[in-house]
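K.L.:
give me a 3D structure for the following:
(2 chains)
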2 protein chains.
Amino acid sequence: MYRSHNCGELRASHSNTEVTLAGWVQGVRDKGFMIYVDLRDRYGITQLYFDEERTPKAIMDKASKLGREFVIQVKGNVIERASKNPNIPTGDVEVVVSELTILNSSLVPPFTIEDKTDGGDDLRMKYRYIDIRRNPVKNSLIFRAKVAQEVRNYLSNDGFIEVETPYLIKSTPEGARDFVVPSRMNEGQFYALPQSPQTFKQLLMVGGMDKYFQIVKCFRDEDLRADRQPEFTQIDCEMAFVEQEDILNVFEGLTRHLLKEVNGVEVDKFPRMLYDDAMRLYGNDKPDIRFGMEFGELNEVTQHKDFGVFNSAELVVGIAVPGGNAFTRKEIDNLIKWVKRPQVGAMGMIYSRCNDDGTFKSSVDKFYDQNDLAKWAEITGAKPGDLVCVLSGETNKVRAQLSALRMELAERLGLRDPKTFAPLWVIDFPLLELDEETGHYHAMHHPFTSPKPGQLELLDTNPGEVKANAYDLVLNGNEIGGGSIRIHDKATQAIMLKHLGFSEDEARAQFGFLMDAFEYGAPPHGGLAFGLDRLVAILGGQETIRDFIAFPKNNSGRDVMIDAPAPIDKEQLDELNLKLNLKP
Amino acid sequence: MYRSHNCGELRASHSNTEVTLAGWVQGVRDKGFMIYVDLRDRYGITQLYFDEERTPKAIMDKASKLGREFVIQVKGNVIERASKNPNIPTGDVEVVVSELTILNSSLVPPFTIEDKTDGGDDLRMKYRYIDIRRNPVKNSLIFRAKVAQEVRNYLSNDGFIEVETPYLIKSTPEGARDFVVPSRMNEGQFYALPQSPQTFKQLLMVGGMDKYFQIVKCFRDEDLRADRQPEFTQIDCEMAFVEQEDILNVFEGLTRHLLKEVNGVEVDKFPRMLYDDAMRLYGNDKPDIRFGMEFGELNEVTQHKDFGVFNSAELVVGIAVPGGNAFTRKEIDNLIKWVKRPQVGAMGMIYSRCNDDGTFKSSVDKFYDQNDLAKWAEITGAKPGDLVCVLSGETNKVRAQLSALRMELAERLGLRDPKTFAPLWVIDFPLLELDEETGHYHAMHHPFTSPKPGQLELLDTNPGEVKANAYDLVLNGNEIGGGSIRIHDKATQAIMLKHLGFSEDEARAQFGFLMDAFEYGAPPHGGLAFGLDRLVAILGGQETIRDFIAFPKNNSGRDVMIDAPAPIDKEQLDELNLKLNLKP
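P.N.:
Sure, this is the predicted structure:
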């Protein structure tokens, strides 16, 4: 037995107990005649005490040579401290050491093992095994495990069966790029790693599993944006004989359970918002509704004057910034610069100050009088002391721009409190989305999403108008997950694939097995998937997922700790019937 | 709402309730004036009843056209049946249908959806989504989910944290072949899929996670033997500051918990057997101890006579077959043929019949008298009525042969009762194993296993003798899992890799990150991994894992349902900087 107790366990009630502890040396305070060592493990920190009077000289000498992150084992007697440390649970006691074994030494660690470390991101990634010793990372991983376990308990208690679906599957041209895996036994052929278990969970419904879930790794070979990972974890679910309402209820229940068990927060029934309304009111299909600042469309009250910028715009739309009239001219100029950055892309920003006396002062006073500006304030909900910010242009673009501005201002004004949770269902998503570059429609959710009843015919005449029973769960401005009611008959699936540009042969080659399955008694079904990494980060009150992943990859998809990916031997390539074809 | 109840739920107490059910048509008995339909879902079967008197004609007509596996929804009234069916939980009632909706039709399924189906393996794999509707497969998957959930609950309650380790890692030349994944973003480089999360779990111990577990997919690109899968699931665990005893206790507790919760079986403390004893007594490092038939070594009592076969043998060893004297001459001849099959490889078999009157009749009476044969019986534990079977030859080979014979006879004699559970720890495995083909030693467990204290020096002089704190859990003759105490210092790891034939550069390139980690305060640690597929199959009383996997691959590593692996586009290859290099 390496230890009788862990380092977070001892209390005053353990006084006069002989204990054995093991852990890492967090720090040493050597005062010559007495030495204090903070001993750390996953569970906490316990103070060790050595002094000239009671500690044998050999042990005293050994203790004086301990360095940070040495791994040691000690035996000793627990005593109450003279000066207690109320900041840690073990702060009432210390262990007077009688035996000391150095289990392993340590080089000086490349950064400090403290909540606020001096290690930069690169160093922390390279030495992730040291970084994990730090409380913020360690606790994030423990938090993640708790969330996953709560998900499993909740869904299992609700009759869901966790079924493992395969990782070595088949590449499909739809969606993001697949990671592929060459097969040695099937020459010239490749498996693909799943982007999601979508088709398998549908086949489980055809197979009568009724309620399926899985917490599962998924893979996308995409150019990595910030805070994306090539491998990520999904809570994946599917139910048979359900309508949208059934699914929303189950996963609203799950989310409420998590908020209660993990965060101690009780939330009301989740509001629901039509996709079209989300776009109109927030310019965004994942609105953060923890604060107001809803969009006010101003075309009617701006386009009757001589201001050409507005007159020529498809959409003129504004938001009220609470207390924004306090912004200096310079601050407003900086905001204008901010919206003109290429990442946002606005041509400019018009504003109207709402003075405390009820008057207005705008950047377009030449064109708009006090009555006009009063209407702006009314429509955007601005009160005296606020600032109305107005953007204009092509509808989709200007909505995205104003949404970015809204989020930026909320951030600056401290309106995005990570301890407040505002979940929201966004429903009635369009079935298809126009790719502006190619002019083609592609599936907004995925090709297995069912159009709303009676809208199948619209696919030919007005594809952009077709709505689906597709829904997203949004939490604090982040998409936590989404899903849909699926197609469950072969004919509809064939029509859908045709509209997505698959030839009959391609559809057969890629999805023949699914369409065959639909001919052998497929029940109506639907489901959803939550992104676990993001969910855990948000529940944990963080914006970035990286510390909730034990061994994340960097933005080039590299694991810098193990130095992967890496070249492989020629023999390995030969066995796989492959040759490198490097760019010159 | 598609249903008010499921098909396994209704009882006599529901009589006179209006219900809505949905499910699959298991069968139709159409008697013209009345029609019975068995409606099936995951939860059970409920009898639907239509008759000329009470059912509108349109519905009667529709019902008469229902085929097997049609998906339907019905509304109706629950009544007690006149003739009850005591074989199913819903057998007291039937539903008199008033509304019938066909949700989906079905082609005639390629095999029957019954416990004993008429579908062969190939057909069942191709239509796995239909096969899953059958009770044996469905229940196996539900059983698997329950086992996994119990594992998670037990380990979580014991302070283990489930941590997800990465799937896209680095190829290592040790062990089985890796599946590799070409990286698009890192030209000419490859990830590998993990054969196990071994190094990551060790890094988690270096990172202070203390107690880790994970239920995780692992991958091996091996030529598939029967009942192996290229992707398989492990219960993977690691603990810091532990000795072998701590680990055995935790996982004995877990296994006992599973046997109790899942099988309702209480077992005593698991016996422990030295590897050397297992080989001596059972010729096998995973002995089935549900029955005796221990080996008796007969060299001393056989090599003083003129029987050259035994005299020249390194080992002469026998077993007593209970009741084997009842075998006819022909049955014994067939046994001899059986041991001579290439899969077993014995040169022959000597036997001695133990007659009820205490005399013996052997196949080598020319060389051995009654006294000799009495000693054979004594040493092998044979009683009157038994048969002593004796093999001879080179120790390792003859042990393997006799072990095969022992298992075959136990199978034939019905001694391998799947409802009896006999767990066993086999401990003190050798550190290294001689590869007879190459003459090189390789790691018996893996290169991270620590030699027993004080045996490091033996590596130079007598590598085959070095023992490790390595252990396997064996259940009913199957290896459920195994593990070891690991090396946790850089110097020992370097010596070990050198002995395994790694140059310093190779060791650095492959395992540099781990050896670096050992320099920053690595605690003593160890762990183990259970094979979930096998564990679940054995707990489920089955010999084959395939029905406990939702979508298994065949012996060529193919998923015949989705037809994977498959060729990929040239564009995909180009993006990955690869060319096919097919054998001419």
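K.L.:
what about the longest helix anywhere in chain A and chain B, touching?
P.N.:
Assignment by DSSP state H gives helix A:135-157 as the longest helix of chain A. Yes. Against chain B, helix A:135-157 shows contacts by C-beta under 8 Å from any C-beta of the partner chain at A:138, A:141-142, A:144-145, A:148-149, A:152, A:156. For every residue, glycine as well, the C-beta is placed using N, CA and C.
K.L.:
try stretch A:94-111
P.N.:
Yes. Residues of stretch A:94-111 contacting chain B under C-beta under 8 Å from any C-beta: A:103-107, A:109.
K.L.:
ok, back up a step: each with direction, which strands does the helix or strand following the longest helix of chain A pair with?
P.N.:
Per DSSP states H and E, the first helix or strand lying C-terminal to helix A:135-157 is strand A:161-162. Using DSSP bridges, strand A:161-162 pairs in its sheet with strand A:211-219 (parallel).
K.L.:
can you redo the residues of helix A:135-157 next to chain B as CSV with pLDDT?
P.N.:
Converted to CSV, the residues of helix A:135-157 next to chain B look like this (pLDDT from 0 to 100):
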residue, pLDDT
A:Lys138, 97
A:Leu141, 98
A:Ile142, 98
A:Arg144, 98
A:Ala145, 98
A:Ala148, 98
A:Gln149, 97
A:Arg152, 98
A:Ser156, 97
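K.L.:
filter the residues you listed down to the buried ones, ChimeraX style.
P.N.:
The ChimeraX selection below is limited to those of those classed as buried (16 or more other C-beta atoms under 10 Å in any protein chain shown):
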select /A:138,141,144,145,148,149,152,156
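K.L.:
out of the residues of helix A:135-157 next to chain B, flag the one nearest to A:Asn85.
P.N.:
Closest approach between the residues of helix A:135-157 next to chain B and A:Asn85, by C-beta to C-beta: A:Lys138, at 20.4 Å.
K.L.:
give the contact list for that closest one.
P.N.:
Counting by C-beta atoms under 8 Å, 6 or more residues apart in numbering or on different chains, A:Lys138 touches A:42, A:132, B:207-209.
K.L.:
which one of these sits in the busiest neighbourhood?
P.N.:
Highest neighbour count within the contacts of A:Lys138, by other C-beta atoms under 10 Å in any protein chain shown: B:Gly207, with 31 neighbours.
K.L.:
quick check, it in contact with A:Arg134.
P.N.:
No. The pair B:Gly207 / A:Arg134 is not scored as a contact, 9.4 Å apart, by C-beta atoms under 8 Å.
K.L.:
for A:Ala566, name its beta-bridge partners.
P.N.:
Going by DSSP bridges, A:Ala566 forms beta bridges with B:Phe190.
K.L.:
which non-adjacent residue is nearest A:Ala313?
P.N.:
If the residues on either side of it in the chain are set aside, A:Ala313 comes closest to A:Ser392, at 3.7 Å by C-beta to C-beta, 6 or more residues apart in numbering or on different chains.
K.L.:
tell me the bridge partners for that neighbour.
P.N.:
The partner list for A:Ser392 in beta bridges (DSSP bridges) reads A:Val316.
K.L.:
okay, now the residue of the stretch 401-550 of chain A found nearest chain B: neighbour count?
P.N.:
Minimum separation of the stretch 401-550 of chain A from chain B (C-beta to the nearest C-beta) falls at A:Gly521, amounting to 3.7 Å. The number of residues packed near A:Gly521 is 29, by other C-beta under 10 Å.
K.L.:
try A:Gln303
P.N.:
Neighbour count of A:Gln303, defined by other C-beta under 10 Å: 14.
K.L.:
next, the nearest residue to it once chain neighbours are set aside: phi, psi?
P.N.:
With sequence-adjacent residues excluded and distances taken as C-beta to C-beta, 6+ apart, A:Gln303 is closest to A:Asn311, at 5.3 Å. The phi/psi pair for A:Asn311 (degrees, to the nearest 10) reads phi -60, psi -30.
K.L.:
is it true that A:Asn311 touches A:Ser392?
P.N.:
No. Contact between A:Asn311 and A:Ser392 fails when scored by C-beta under 8 Å: they sit 9.4 Å apart.
K.L.:
the two: who's more crowded?
P.N.:
A:Ser392 (27 against 15).
K.L.:
perfect, that will be all.
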